[in-house]
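Novice: Any chance you can model this:
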Amino acid sequence: MTQPRLLGGRYELDGVVGRGGMAEVYRARDIRLDRVVAIKTLRSDLARDHTFQARFRREAQSAASLNHPSIIAVYDTGEDMMDGTPVPYIVMEFVDGRTLRDLLRADRRLLPERAMELVDGILRALDYSHRGGIVHRDIKPANIMLTVNGEVKVMDFGIARAMADSAATMTQTAQVIGTAQYLSPEQARGERVDARSDIYSTGCVLYELLTGQPPFTGDSPVAIAYQHVREDPIPPSRIDPEIPQWADAIVLKAMAKDPVQRYQSAAEMRGDIQRALSGMPVDPQTMAMATQQYNGYGGADRTRTMTTAGGAPMTQSTRAIPDYEYAREERGGGRYDGRRRSGGGNTALKTALWILIPLVVIGAMIGVGYAFLGSGGSSAADQVQVPSVTNQTKAAAKQALEAAGFKVAFGPEEFNGDVPKGAVVSTDPAGGEQADRGATVTVIVSKGEEKVTVPDDLIGKSPEEARAELEALELKVSIVPKASAKEQGKVFDSNPKPGEKVAKGALVRLYVPLEMTEVPSVVGYTLEDATQMLKSAGFKVKTSPQPSDVVAKGNVIDQSPQAGAKANPNTTITLTVSTGPSQEQPPTNDQPNSDPPSDDTGDGGDTGDGGGDPNDPNNGDGGGVQIGPPGDGGDNPFGN
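Specialist: Purely as a prediction, here's the structure:
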């Protein structure tokens with residue numbers, strides 16, 4: 001019995017569950033945690049390219065940093081030897097479900113509301129990734145998973161960026177033709193893309209979910225790319241009259257040719273979708289764009305009633321749209337419109353569309369052919385494929401293009417953080433396209449990363465003001481609270497420092513004082529209780545013992561800072577703690593001790609009755625205590 005292959009000494013491969021133009025996906029078991037995972041590896045032939053390997057590793061690390069419910073989780077990354085070649089791999093969450101591509105192949109055109117719900121899940125994932133600085137670049141139905149519970153999971157983050165950097169994005173493969181159907185115009189032109197490119201691709205996916213067909217089709221990636229650049233999509237409601245106008249509006253704004261006219265963020269597009277699903281009108285500018293676009297595809301005699309998301313019917317006919325049938329539930333698919341799939345609706349209009357659409361496609365194909373062949377009547381035999389010279393030096397690119405029979409012109413250099421200074425960013429026509437032999441290919445060379453200066457006036461501004469100023473310079477911002485006695489709510493430092501030059505897209509940390517906390521009153525509490533109260537408030541505690549005849553031993557006599565003062569977290573609060581009353585000392589006598597009593601007797605202690613001199617001070621009262629007036633000589637003061 002063949003032993004299952006073990007990847008990285010931990011992942012037992014169970015078999016291939018999917019293949020793409022660049023990668024293979026395996027079902028596997030993590031023997032350490034005993035769970036099922038999915039593992040994506042680069043094809044071994046691509047893994048031999050060291051540049052591609054390095055980019056794959058870098059992007060795999062970026063993908064691993066994304067942690068969101070609408071993004072397939074990345075658990076681990078690594079590399080292992082396959083056929084003598086080190087092949088990077090990514091270990092991901094295994095999702096029980098199917099892709100939107102599978103759903104569409106089953107001819108499941110969704111209810112507009114369900115389509116919007118699915119796209120809302122895609123936009124949640126994109127909003128999160130865009131905030132993290134990651135652009136997907138390959139949003140398409142095949143990269144959107146739908147779980148058995150109907151939840152959306154976006155996959156292939158990071159790998160898409162590595163693919164976009166490769167030279168194989170416009171080759172004649174089924175994978176790339178499928179991808180070309182969702183390319184943004186700027187991607188088709190080989191220009192640098194940003195988050196709005198993902199918005200365009202999401203609009204294409206929404207278009208297909210609503211209509212059952214992509215917005216543009218053709219017999220080659222070049223023909224499809226040309227339509228993305230030059231042609232306006234047919235409004236979805238012209239293909240299916242039961243699609244409401246607000247859905248037209250959202251799709252057409254997302255698919256605007258000019259990125260400036262699109263939704264500027266995933267959050268903005270979500271806002272319109274949420275309003276529509278809540279029965280509220282979408283943004284008036286969005287509706288205006290749809291009306292303008294629609295006027296190019298029909299006259300004023302549209303013969304159906306359209307209801308805006310706000311609920312007010314548009315008075316354009318007397319025929320009302322019948323209610324949707326009961327929305328059936330399907331494994332991994334959610335609600336779909338059975339009547340739409342079976343061909344319900346305006347039969348005459350649909351018949352006309354079946355005639356009109358092929359004519360439009362044929363006309364577009366003729367236009368594509370004319371555009372690429374030129375008005376001079378060049379034949380296909382006179383055309384050659386433009387070499388892909390992206391990331392090559394100017395000299396190497398010029399040599400390769402001239403060897404292929406093209407003239408070379410260098411356009412204005414542009415800043416580019418992904419392409420080294422002096423290397424080729426893009427060409428026009430793009431690499432992989434067909435062009436006339438002898439035609440001029442314009443080459444754009446990178447100036448390297450664009451540097452910007454951190455503003456000098458950040459210190460003292462509010463975090464919101466400083467953030468807006470930095471984001472206007474296309475810098476990322478992180479607000480970092482830090483203990484400081486500086487003014488609350490104001491930036492007091494930054495990293496990099498004001499005046500320093502950094503690359504566009506670099507992270508600038510803005511430091512603001514930690515919010516001060518009020519010191520609680522703990523005088524009179526036991527040391528244990530006082531310590532607990534202060535630590536719970538975020539403070540440190542230091543004690544100072546002191547005797548007290550008033551405060552019980554172990555209780556707090558005083559505190560510093562005092563109760564009610566404002567202090568930063570982790571500030572040390574000094575507690576004066578009673579050690580009890582001071583110890584009692586034995587009493588002291590300041591009088592000297594008396595001599596021991598004498599055995600002699602006499603008046604007054606020594607009467608002098610011994611024949612001594614009565615005037616001798618040692619006789620008479622010499623040893624006694626004289627009480628009363630002195631007597632004569634040795635007279636007894638007490639009398640005879």
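Novice: show me where the stretch 501-640 of the chain has strands.
Specialist: Residue ranges of the strands in the stretch 501-640 of the chain, as given by DSSP state E, counting those that start in this stretch, are 501-503, 507-513, 517-518, 540-546, 556-560, 566-567, 572-578.
Novice: Now do the helix or strand hosting Thr427, average pLDDT.
Specialist: Here Thr427 sits within strand 424-428, counting by DSSP states H and E. Strand 424-428 comes out with an average pLDDT of 90.
Novice: from the middle of its chain, how far away would the very next helix or strand once past that strand be?
Specialist: Sequence order places strand 434-436 as the next helix or strand after strand 424-428, per DSSP H and E. In terms of CA atoms, centre = their mean, to the nearest Å, the centre of strand 434-436 is found 42 Å from the chain centre.
Novice: Which of the helices and strands in the protein ranks last by mean pLDDT?
Specialist: strand 313-314 (a mean of 35; mean pLDDT, DSSP states H and E).
Novice: This protein - how does it break down into domains?
Specialist: For the chain, the structural domains run 6-93, 102-298+326-349, 380-445, 451-513, 517-578, 598-626, going by automatic domain parsing.
Novice: for the ones you listed, which one ends up most surrounded?
Specialist: domain 102-298+326-349 (a mean of 20; mean count of other CB atoms under 10 Å). Every C-beta, even on glycine, is put in place using the N, C-alpha and C of the backbone.
Novice: Can you read off the pLDDT for Gly538?
Specialist: Reported pLDDT for Gly538: 84.
Novice: dump the residue contacts of it.
Specialist: 517, 569-570 (CB atoms under 8 Å, 6 or more residues apart in numbering).
Novice: Which phi and psi values does Arg35 adopt?
Specialist: Torsion angles at Arg35 (phi, psi; degrees, to the nearest 10) stand at phi -140, psi 150.
Novice: Check the one 5 residues further on too.
Specialist: Lys40 has phi and psi values of phi -110, psi 130 when expressed as degrees, to the nearest 10.
Novice: List the single closest residue to Ser484 in space, sequence neighbours excluded.
Specialist: Spatially, and ignoring its direct neighbours in sequence, Ser484 is nearest to Pro513 (4.2 Å; CB to CB, 6 or more residues apart in numbering).
Novice: just Leu209 next, same as before
Specialist: Ala115 (4.0 Å).
Novice: On the three-state scheme, the one you found is what?
Specialist: Of the three states, Ala115 takes helix under DSSP: H, G, I helix; E, B strand; the rest coil.
Novice: so when I look at Met287, I'm seeing a helix, right?
Specialist: Yes: judged by three-state DSSP, Met287 forms part of a helix.
Novice: That one is in contact with Asp248, isn't it?
Specialist: No: Met287 is not in contact with Asp248 according to CB atoms under 8 Å; the separation is 9.1 Å.
Novice: so the residue nearest to Ser484 touches Ala485, yeah?
Specialist: Yes: in this structure, Pro513 is within contact of Ala485 by CB under 8 Å, at 7.4 Å.
Novice: Quick check: the gap between Gly417 and Ala503.
Specialist: 6 Å (CB to CB, to the nearest Å).
Novice: Overlap of the contact sets of those two?
Specialist: Contacts common to Gly417 and Ala503, judged by CB under 8 Å, 6+ apart, are 449-450.
Novice: In space, what's closest to Leu183 - neighbours in sequence excluded?
Specialist: That would be His228: by CB to CB, 6+ apart, it lies 5.4 Å from Leu183.
Novice: Thr390 too?
Specialist: That would be Val424: by CB to CB, 6+ apart, it lies 5.5 Å from Thr390.
Novice: One more: Gly203?
Specialist: Gly203 sits nearest to Ala254 (CB to CB, 6+ apart), 2.9 Å away.
Novice: other SSEs contacting the host helix or strand of Arg270?
Specialist: Of the helices and strands defined by DSSP H and E, Arg270 is found in helix 266-277. Secondary structure elements in contact with helix 266-277, counted by 3 or more CB pairs under 8 Å, 6 or more residues apart in numbering; DSSP states H and E, are helix 112-131, helix 195-211, helix 245-254.
Novice: Now do the contacts for Pro215.
Specialist: Contacts of Pro215 (CB under 8 Å, 6+ apart): 181, 204, 207-208, 233-234, 255.
Novice: a markdown table for these, including pLDDT and distance to Asn149?
Specialist: Listed next are the contacts of Pro215 as a markdown table, based on pLDDT from 0 to 100; distance: CB to CB, whole Å:
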| residue | pLDDT | distance to Asn149 |
| --- | --- | --- |
| Gln181 | 90 | 28 |
| Cys204 | 97 | 26 |
| Tyr207 | 96 | 25 |
| Glu208 | 94 | 22 |
| Pro233 | 93 | 32 |
| Ile234 | 93 | 34 |
| Met255 | 96 | 30 |
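Novice: Looking at the residues you listed, spot the one nearest Val477.
Specialist: Met255 (30.6 Å; CB to CB).
Novice: Could you measure from the closest one over to Val95?
Specialist: Distance from Met255 to Val95, by CB to CB: 28 Å.
Novice: what do you get for Glu528?
Specialist: Counting by CB to CB - Glu528 and Val95 are separated by 52 Å.
Novice: cool, Ser521 as well?
Specialist: 55 Å.
Novice: so for stretch 138-150, what's the average pLDDT?
Specialist: 90.
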